[in-house]
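Q: Structure for the following, please:
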Amino acid sequence: MVVATNPIFPKKAILHRIKWAGFDPEDFMHITSYEESHYCKPKIQFYEEILKKINKIPEECMMVGNNVEEDLIAGELGIKTYLIEDFIINSSNTNFISTYKGNYNDFYKFVNNLPDLND
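A: Alright, predicted model coming up:
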């Protein structure tokens, strides 16, 4: 898993946010921050840089988020997208294509039905 948040804060602040949300930063293979990132959303280079850092191809990844402009652009690289429709952000009223969409409950069910990658 990757925390692909817009890298406008220092790593220390992002780590604090992750812990505040009840997660362990050690659970993530990469966390974007302004010390290490060269691009911000919705630049496609933001996602290209993450793919390079985690040594993955787009078909191995999925971007999950609630921002139509900033998160779904990852789909242009071939990354699957899951739009969380709770608190959706679509400030420019953009038409969009998402591989999957649903609310938080739907996403929880979706994740529980994914194959275990640790086997």
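
Q: surely residue 91 meets residue 42?
A: No - Residue 91 lies out of contact with residue 42 (CB atoms under 8 Å); the separation is 11.5 Å. For every residue, glycine as well, the C-beta is placed using N, CA and C.

Q: Now the common contact residues for these two.
A: Residues touching both residue 91 and residue 42 by CB atoms under 8 Å, 6 or more residues apart in numbering: residue 69.

Q: of the two, who's got more company?
A: residue 42 (17 against 9; other CB atoms under 10 Å).

Q: isn't the more buried one right up against residue 65?
A: No - applying CB under 8 Å as the test, residue 42 and residue 65 come out as separate, 10.9 Å apart.

Q: ok, which stretches of this structure are strands?
A: 2-3, 30-31, 62-65, 80-84, 100-102 (DSSP state E).

Q: Spatially nearest residue to residue 37 (excluding sequence neighbours)?
A: Spatial nearest neighbour of residue 37, excluding adjacent residues (CB to CB, 6 or more residues apart in numbering): residue 7 at 3.6 Å.

Q: swap that for residue 58, please
A: That would be residue 78: by CB to CB, 6+ apart, it lies 3.6 Å from residue 58.

Q: Next: residue 48.
A: residue 77 (6.8 Å).

Q: What separation do you get for the one you found and residue 51?
A: 7 Å (CB to CB, to the nearest Å).

Q: okay, and the common contacts of those two?
A: By CB under 8 Å, 6+ apart, the residues touching both residue 77 and residue 51 are residue 58.

Q: so where's this structure uncertain?
A: 119 (pLDDT under 70).

Q: All the helices of it, residue numbers only.
A: 11-20, 44-54, 68-71, 104-112 (DSSP state H).
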